[in-house]
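Engineer: I would like to see how this sequence folds:
(one chain, ligands or ions: 2)
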Amino acid sequence: MNEIVQKVRAQEPLIHNLTNAVVMNFSANGLLAFGASPIMANAKEDAADVAKLSNGVLINIGTLTEAQLEAMIEAGKAANEAGIPVVIDPVGVAATNFRTEAFQRIVEQVHPDVIKGNAGELAHLVGIELETKGVDAVGEGNSQEIAGKVAVHFQTIAVLTGKVDTVSDGKQTLTNETGHALLSKVTGAGCLLGSIITACLSVEGENLEKAYAAVKYYGMAAAYAASQSGVNGPGTFLPQFLDALTMEPDTLEKGLM
Ligand SMILES: Nc1ncnc2c1ncn2[C@@H]1O[C@H](COP(=O)(O)OP(=O)(O)OP(=O)(O)O)[C@@H](O)[C@H]1O
Ligand SMILES: Cc1ncsc1CCO
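Structural biologist: Ligands and ions are numbered 1, 2, ... in the order given. Down below sits the predicted model:
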């Protein structure tokens with residue numbers, strides 16, 4: 001994990017985020033703190049051009065519109081052609097037919113290197129119905145089975161988030177227990193994780209290992225931030241979390257001992 005985080009910081013990859021309106025600012029600041037360089041470009045007129053300039057493309061359907069969907073497909077296709085990694089976060093996909101159909105349209109034309117979502121979202125993609133509430137998961141289900149099925153079905157790496165995160169390529173399945181419950185009390189914690197996974201995918205290495213490193217580091221930063229004095233809830237947690245995202249994995253680890 002150390003090496004992957006260091007490579008990101010050395011390379012400062014440009015990450016093209018086609019993401020939702022709720023989290024744009026948080027995701028940009030989080031990527032900067034982590035050591036990457038964010039760009040947000042949602043228009044179909046320049047999405048492909050921006051994707052080609054970038055080192056990684058994140059597609060997050062959280063506040064999707066038809067126009068943005070076209071931009072996402074254009075950006076994803078351009079990235080696939082150029083060998084630039086693509087991460088898809090199917091936010092709220094189980095909530096409406098529009099989102100379900102939009103996700104299908106994306107994956108028919110764009111190959112994702114990673115699909116990242118909570119249990120309800122990923123379960124829905126492989127026909128397992130779990131309880132969801134809008135963009136949030138309610139049920140947990142069998143995370144290892146769900147992640148494995150998503151990985152095999154979409155020929156990708158599946159990252160299923162929650163109290164325990166599950167990362168699978170369909171053959172190997174890893175679990176991660178770093179994290180903090182306060183992450184589920186701030187909106188966009190999952191969305192920023194998608195951007196940070198994209199940043200990690202942009203450096204050299206195995207996709208499974210890079211996705212796992214991102215998830216592990218992110219959880220360590222959250223736990224470290226939550227342990228700082230003066231953190232009483234989501235409001236005081238957020239600035240500490242942003243600061244923690246700048247730190248070395250060793251510093252976070254020592255702070256947690
Ligand atoms: N109860 C918990 N304890 C520890 N970590 C958690 C907990 N719940 C979520 N996390 C962490 O929070 C991050 C986001 O996961 P979550 O499943 O909440 O995403 P999400 O539902 O997509 O979020 P959002 O829609 O707000 O962006 C992950 O790093 C995950 O490990
Ligand atoms: C709250 C919310 N609604 C659509 S996207 C989003 C951000 C967290 O997924």
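Engineer: alpha carbons only for contacts and neighbour counts from here, please
Structural biologist: Will do.
Engineer: check whether the biggest helix by length in the chain contacts ligand 1.
Structural biologist: If you go by DSSP state H, the chain has its longest helix at helix 207-226. Yes. Part of helix 207-226 sits near ligand 1 under the criterion CA under 6 Å from any ligand atom, namely 215, 218-219.
Engineer: tell me which strands and helices that helix is in contact with?
Structural biologist: helix 2-11, strand 157-161, strand 165-168, strand 173-176, helix 189-201, helix 234-244, helix 249-256 (3 or more CA pairs under 8 Å, 6 or more residues apart in numbering; DSSP states H and E).
Engineer: for the last one, give the mean pLDDT please.
Structural biologist: Spelled out, that is helix 249-256. The average pLDDT for helix 249-256 rounds to 92.
Engineer: what do you get for the fifth one?
Structural biologist: Mean pLDDT, computed over helix 189-201, is 98.
Engineer: residues making contact with that helix?
Structural biologist: With CA atoms under 8 Å, 6 or more residues apart in numbering as the test, helix 189-201 has contacts from 4-5, 8, 13-15, 17, 23, 26-27, 30-31, 34, 36, 55-58, 60, 85-89, 116-117, 161, 183, 207, 210-211, 213-215, 218.
Engineer: cool, the last one as well?
Structural biologist: Contacts of helix 249-256 with the rest of the structure, by CA under 8 Å, 6+ apart, involve 1-2, 5, 217, 220-221, 223-224, 227, 244.
Engineer: the residue nearest the centre of the chain and ligand 2: what is the separation?
Structural biologist: A centroid search over the chain (CA atoms, centre = their mean) returns Gly194, at 1.3 Å, as the residue closest to the centre. Distance from Gly194 to ligand 2, counting by CA to the nearest ligand atom, to the nearest Å: 11 Å.
Engineer: what's the answer for His16, then?
Structural biologist: His16 sits 17 Å away from ligand 2, going by CA to the nearest ligand atom.
Engineer: so that residue, which of the three states?
Structural biologist: At His16 the chain is in strand, as set by DSSP: H, G, I helix; E, B strand; the rest coil.
Engineer: partners of it in the sheet?
Structural biologist: In this entry, His16 is beta-bridged to Ile39, Val57, by DSSP bridges.
Engineer: since that was my last question, I'll sign off now.
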